[in-house]
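1. sharing a model prediction with you, sequence too.
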Amino acid sequence: MEPNSSGGFRPFSAARVQPRSQRPLPPSARMKERQSSKIRELAEAVKAAGFVTLDEQAQALGLSRSTAWTIRKASHKASGLSASIINRMLAAPDLPPLARSKILEYIEEKAAGLNGGSRSQRRKFAARLSIQELPVYRNTIPTVPEHNGITRANREGSWIR
């Protein structure tokens, strides 16, 4: 500690430490936030279609109340929505069109690796989906040179072919 002009001591601070609220999020936290945001958009799309109560939302999504609640609160596990949950939602006869498009966007992003996950995890996820062909995610322009046929997409830490 160094003495200050008033005769007392003040802590020596060569490096300033930012408060937690001002620090940038690590890449994994940004991926998780992106995923949670997309799940919240899905819940909002169902609500905007006129399904206000939890029972109505569960019916529209073709899910149980507890799973619909988890989607409504966007508090899913770190891995996000599973392929089986997505298959059940896409098979629901009352699924609103906007909610269907949000699900397809979620699938595109997850399959492209924007929510994290290894290549094998993403491949297994895509294989478990009941849709015939995955749409290509529109923002997968390589940002670094290709290395052995593999490119890194969007600086988000995921590898795609």
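-> Perfect, thanks for sending it. Numbering: from 1, shown residues only.

2. for the protein, which segments count as strands?
-> Here the chain has its strands, by DSSP state E, at 2-3, 9-10, 151-153, 158-160.

3. which residues touch whichever helix in the chain runs longest?
-> What stands out as the longest helix in the chain, according to DSSP state H, is helix 27-48. Helix 27-48 is contacted from outside by 25, 57, 60-61, 71-76, 78, 80-81, 96, 98-99, 101-103, 105-106, 109-110, 114-116, 156-157, using CB atoms under 8 Å, 6 or more residues apart in numbering. Any C-beta I mention is one placed from the backbone N, CA and C, and that applies to glycine too.

4. so of the residues you listed, which ones are in helices?
-> Reading helices off the contacts of helix 27-48 with DSSP H, I get 57, 60-61, 71-73, 98-99, 101-103, 105-106, 109-110.

5. just the closest of these to Arg123, please.
-> Minimum distance to Arg123 across these is 11.7 Å, recorded for Lys110 (CB to CB).

6. burial count for the closest one?
-> 27 (other CB atoms under 10 Å).

7. what does Ala99 give?
-> Quick note: Ala99 (other CB under 10 Å) scores 26 neighbours.
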